[in-house]
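> With the input below, show me the fold.
(one chain, ligands or ions: 1)
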Amino acid sequence: MSAPPVTLDRFILEEQHTFPGATGELSLLLMRFGVAGKRIASALARAGLTGQQGAAGRRNVQGEEQKKLDVVANEILLETFDYGGLVTLAASEEMEEPFVYGSGQGRYAVLFDPLDGSSNIDVNGTLGVIFSVRSRRDGTLQDLLRSGREQIVAGYVLFGPAVLLVYSSGHGVHLFTLEPSIGEFLLTRRDVRMPERGRGYAVNEGRAHGWAPEVRAFVEHLKQPDPATGRPYSTRYSASLVGDVHRFLLEGGIYLYPSDVQGGRPKPKLRVLYECHPLAFVVEQAGGRASSGGGPVLDVVPDSLHARMPLAIGSRAEVDLFDRFASGHGA
Ligand code: AFP
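Okay, the predicted model is just below:
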């Protein structure tokens, strides 16, 4: 008889036993991200049929147009933690201020980008949820404005041809695939290791005019043929950070969202707390790296909830190389 499939819940409960003194609350919390992922997957699958595609007619705190499904996914995630008293604070790309639950005594704070890659909604492209869990301290915003190394759990749900859930609680990275006929996430890869180097890069080259010369030089370097170092690299940009990072988690390579230093955009695009920190946590746990160009992403302490930063994330070899270029030392 073949081994029975390992469900997400079973895996989480078994992993809990490796943490001395664990109360099981974090396990419950993590399982709920699985439930939210399934609910959002269901909303996405039906969106074209239920009139849920398109703009919501308002803008989020960053001034970006909200899609109807950004709002739906945010509401699903908020509801998901609205019982059981586990969570005190929830912060999201779609809300100006953190949401405070009931008693305010829950042991955890959760952060999420409810629907990453929302320009892909109406074209049936790749989308994701990015999430991060931290300990509650005094229950205020200050609990969140801390380094990425204080995350307890981070991960993402990826909506592609299959729905995947990938997470790390600081003991490796584990990958689950939704088996739609039974509605369960099943373990498909335990302890994912990122290749040391890859052959692909993802960056919005339409914005190259705004990059620093060092960033332009790095991307040009990747495009120059040199079979000995595996160049040229192939471009792999999907407009979904989760989709691109997931590809590189499995295949190796580098995702970049550099600052626009020529002034076209006053601030970098990606948000520290619910995009860069959680993905950096996952990638580092898999043996990769995430850099701002000036240091490790996980060391960045944001000064506000929606603070932004430049990001280079992926395999160790490419991120090391990016850092060499960023510091002016080139190849
Ligand atoms: P949203 O989270 O608002 O959907 O933004 C998506 C994203 O942060 C990231 O997933 C993409 O890689 C990037 O923005 C796409 O931005 P450009 O359209 O500027 O390339």
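> contacts, neighbours, all on C-alpha from now
OK.
> Restricting to C-alpha, output the helix or strand of the chain with the lowest mean pLDDT in CSV.
Ranked by mean pLDDT, DSSP states H and E, the weakest helix or strand in the chain is strand 55-59, scoring a mean of 79. Extracted in CSV, the C-alpha atoms of strand 55-59 (Å, rounded to 0.1, in the frame of the first residue of the first chain):
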residue,chain,number,x,y,z
ALA,A,55,-12.0,47.8,-10.8
ALA,A,56,-13.7,48.4,-7.5
GLY,A,57,-13.9,52.1,-8.3
ARG,A,58,-11.6,53.2,-5.5
ARG,A,59,-7.9,53.5,-4.6
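> what comes into contact with the helix or strand just after that strand?
Scanning forward in sequence from strand 55-59 by DSSP states H and E, the next helix or strand is strand 65-67. Around strand 65-67, the neighbours that count as contacts under C-alpha atoms under 8 Å, 6 or more residues apart in numbering are 53-60, 94, 118.
> Mark which of the residues you listed are buried, thanks.
The neighbour count (16 or more other C-alpha atoms under 10 Å) marks 53-54, 94, 118 as buried among the contacts of strand 65-67.
> looking only at pLDDT, what's the mean for the top helix by length along the chain?
When the chain is scanned for its longest helix (criterion: DSSP state H), the result is helix 25-50. Mean pLDDT, computed over helix 25-50, is 94.
> Run me through the strand neighbours of the least confident helix or strand of the chain, direction for each.
Strand 55-59 sits in its sheet next to strand 65-67 (antiparallel), going by DSSP bridges.
> just so I have it, where are all the helices in the stretch 101-250 of the chain?
213-223, 241-251 (DSSP state H, counting those that start in this stretch).
> For the first one, name the packing helices and strands.
Just to be clear, that refers to helix 213-223. Helices and strands touching helix 213-223, by 3 or more C-alpha pairs under 8 Å, 6 or more residues apart in numbering; DSSP states H and E, are helix 316-326.
> And the last one, by the same measure?
With contacts defined as 3+ C-alpha pairs under 8 Å, 6+ apart, the secondary structure elements packing on helix 241-251 are strand 127-135, strand 153-159, strand 254-257, strand 311-314.
> And the closest residue to A217 other than its chain neighbours, how far from V215?
In space, A217 comes closest to F325 once its chain neighbours are excluded; the distance is 7.4 Å by C-alpha to C-alpha, 6 or more residues apart in numbering. F325 sits 7 Å away from V215, going by C-alpha to C-alpha, to the nearest Å.
> And the strands in the stretch 101-250 of the chain, which stretches?
108-116, 127-135, 153-159, 163-168, 174-179, 184-189, 200-202, 234-235 (DSSP state E, counting those that start in this stretch).
> For the ligand, find the nearest of those.
Set against the ligand and scored by C-alpha to the nearest ligand atom, the strands of the stretch 101-250 of the chain come closest in strand 108-116, at 3.7 Å.
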